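> Would you be able to build a 3D model of this:
(2 chains)
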Amino acid sequence: MKETLFTIIENRPLTDTVYLMRLSGDTGDITAAGQFVNIRLDGLFLRRPISVCDLNGQELTLVYKVVGKGTAQMAGMVSGEALDLLTGLGNGYDLTLPAERVLLLGGGVGIPPLYLLAKRLLAQGKTVCVRLGFNHADEIFFENEFRALGCEVTVFTVDGSAGEKGFVTNGLDRERYDVFYTCGPEPMLRAVYRSTVTSGQFSFEERMGCGFGACMGCSCRTITGYKRICREGPVLMKEEILWED
Amino acid sequence: MGRLSVNLCGIELDNPVIPASGTFGYGYEFAEWYDINVLGTFSFKGTTLEPRFGNPTPRIAECTAGMINAVGLQNPGVKAVIEHELPEMAKVFRKPVMANVSGFSLDEYRETCRLLDAQPQVGWLEVNVSCPNVHGGGMAFGTDPDAVRRVTEAVKSVATKPVLLKLSPNVTDIVSIAKAAVDGGADGISLINTLLGMRIDLKTRRPVIANKMGGFSGSAVFPVALRMVYQVAHAVSVPVVGMGGVSSPENVIEMMLAGATAVQIGAANLVDPMACKRIIDGLPETMDRYGIATLNEIIGGVC
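Predicted coordinates for the structure are as follows:
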């Protein structure tokens, strides 16, 4: 973990509400796909946790959706501006799960952390099959980026305006995979949990205080005991998840 | 004594800066950011007799210049704290530490304090009668002077170490509560715990916090905290530990001028993991700027 200043080198919209920000700085403490950074913003008390989308040397890419004051402020920032980041937060995905053919399931703004994950899985020589889910055609992003990496990509939209109509879990019983990794809204994660037949990893979102394990603001119950989403998470094994309600 | 040192209930602190309970875990998360031995001491996560998971999430809400939390005293229980957390803490912190204790009955307060009092690492007991996030405990005691006196007497009957009562600001007359604690034998007072607060999500028209309400803290509460520290410090003769929205060396000095012998830092730790170190490092230069030779001489300097 490190607190460090990054400089924005690019910040552009991918869709109406989703933005891509590239930053340059000390990325040394970012060790795994699925980790996050916690961003300090002017006039806002709490930092904003955003997952790492890509990493190239000292260059960090974040893809974020404008949902409130913090992300709106980020969307208005330009190249050359500095951001105070806590880096290297969270456990990230485990790349040592044995598999030849890997399935990634991402929904909306849960998709970005799967990008670095896909790169690293491909680098291990694994076959990576990606299912990306959106509500409408105009919300689609990163379809081509995943294809360019060499992934098999299927896009789903809830209203059928592009790709296959429905959810990323549609026809999952016909899919062949040894392990899966997923990130997205909770209803999607629950559907993935019900529809998958192998082991896999889920990345969870929670409102956080600190993001580094101090405040117990993001605790959850698991089969293996209490965990902090920011510290022992955000990635949990399928076998340890306890759904609330 | 050094320029920054103060004496809190008979134990000398290298400086008056104390991370507040619930914002600093058991110290070792912060030991990854800096050598926490630079601290005066720290107050570790509130401990109850039995393990507690706490409240459902969301437990956190953003506010203007602050935050609301409703963690609900999540902790592994006093047995696990003594067997696991204190030995781990000893690896990263070699000074006496402040043990924060909460409870739901006089017996629970007494027993948890008795067990922690016996630990050589523990320098002080800080008895929390002010947690706004649990039902039937915490603040239920801290809003009634008689109950505060009874909790204090119960704890004092087993304690060999100094006992500080941590008070809630959610009361009509903070001075009467502080006096009740002193009547019960308190060796010191710490205040303020968080202010009961609430936020509503406009999109869902539901409270942001699953528990509906929570404790409001952060820079926004500093003037309220300072006022209460001032009132209490002028009404009791025991040392007062001031806290509430402190985030700078200037805030520390202001709290001490109001009457605080030591100062706790809470929410600031959560947004800047190095906050306490930065405050300590900044104190000498800030003291120079205001012509302060030693911190000890300014305690209660404002009448």
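> Need the mean per-residue confidence for stretch A:149-158.
Taken as a whole, stretch A:149-158 carries a mean pLDDT of 97.
> The residue nearest to residue B:84 when sequence neighbours are not counted: what's it in contact with?
Using CB to CB, 6 or more residues apart in numbering or on different chains and skipping residues adjacent in sequence, the residue nearest residue B:84 is residue B:76, 7.2 Å away. From N, CA and C alone the C-beta is placed, and that goes for glycine too. The neighbourhood of residue B:76, defined by CB atoms under 8 Å, 6 or more residues apart in numbering or on different chains, consists of B:51, B:84, B:85.
> ok, 10 Å please
Listed by CB atoms under 10 Å, 6 or more residues apart in numbering or on different chains, the contact set of residue B:76 reads A:225-226, B:26, B:45, B:47-48, B:50-53, B:83-85.
> same thing with residue B:81?
B:26, B:44-45, B:47-48, B:51, B:75, B:89, B:99, B:112, B:115-116, B:119.
> Neighbour-wise, give me the winner out of those residues.
Within the contacts of residue B:81, residue B:99 tops the neighbour count with 29 neighbours, counted by other CB atoms under 10 Å in any protein chain shown.
> What distance do you get for it to residue B:123?
Applying CB to CB, to the nearest Å, the value for residue B:99 to residue B:123 is 8 Å.
> quick one: common contacting residues for those two?
residue B:161.
> if we can go back for a sec, okay, and which of the contacts of residue B:81 map to helices?
B:89, B:112, B:115, B:116 (DSSP state H).
> okay if I get those residues as a markdown table plus distance to residue A:18?
As requested, the ones in helices among the contacts of residue B:81 are exported to a markdown table (distance: CB to CB, whole Å):
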| residue | distance to residue A:18 |
| --- | --- |
| B:89 | 43 |
| B:112 | 49 |
| B:115 | 52 |
| B:116 | 50 |
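> closest to residue B:249 among those residues?
residue B:89 (26.2 Å; CB to CB).
> residues contacting the closest one?
Neighbours of residue B:89 in contact, by CB under 10 Å, 6+ apart: B:25, B:26, B:27, B:28, B:31, B:36, B:42, B:44, B:81, B:97, B:121.
> at 6 Å instead, please
Residues near residue B:89 by CB atoms under 6 Å, 6 or more residues apart in numbering or on different chains: B:26, B:27.
> In contact with the closest residue to residue A:211 other than its chain neighbours: list those residues for me.
Take residue A:211 and drop its neighbours on the chain: the residue closest to it by CB to CB, 6+ apart is residue A:38, 3.8 Å away. Residues near residue A:38 by CB under 6 Å, 6+ apart: A:47, A:49, A:86, A:89, A:211.
> Run through the neighbouring helices and strands of the lengthiest helix in chain A.
Secondary structure assigned by DSSP H gives helix A:112-123 as the longest helix of chain A. Here helix A:112-123 touches strand A:54-56, strand A:101-107, strand A:127-134, going by 3 or more CB pairs under 6 Å, 6 or more residues apart in numbering or on different chains; DSSP states H and E.
> next helix or strand past the first one?
Put plainly, it is strand A:54-56. strand A:59-65 (DSSP states H and E).
> Going by contacts, tell me the helices and strands next to that following strand.
Checked by 3+ CB pairs under 6 Å, 6+ apart, strand A:59-65 has strand A:18-24 packed alongside it.
> Please produce TSV containing the contacts of residue A:38, extended by secondary structure.
Output for the contacts of residue A:38, formatted as TSV (DSSP: H, G, I helix; E, B strand; the rest coil):
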residue	secondary structure
A:47	coil
A:49	strand
A:86	strand
A:89	strand
A:211	coil
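> which among these gets closest to residue B:290?
residue A:47 (31.1 Å).
> Quick check: residues of chain A near chain B?
A:1, A:45-47, A:206-207, A:209-210, A:213-217, A:219 (CB under 6 Å from any CB of the partner chain).
> doesn't residue A:193 fall inside a helix?
Yes. Counting by three-state DSSP, residue A:193 falls inside a helix.
> one step back: tell me the secondary structure of the residue nearest to residue A:211, please.
Assignment for residue A:38 (three-state DSSP): strand.
> partners of it in the sheet?
Bridge pairing for residue A:38 (DSSP bridges) gives the partners residue A:49, residue A:86.
> Look up how far residue A:186 lies from it.
21 Å.
> Make a markdown table out of the helices and strands packed on helix A:112-123 and add mean neighbour count.
Formatted as a markdown table, the helices and strands packed on helix A:112-123 follow (neighbours: other CB atoms under 10 Å in any protein chain shown):
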| stretch | mean neighbour count |
| --- | --- |
| strand A:54-56 | 16 |
| strand A:101-107 | 25 |
| strand A:127-134 | 24 |
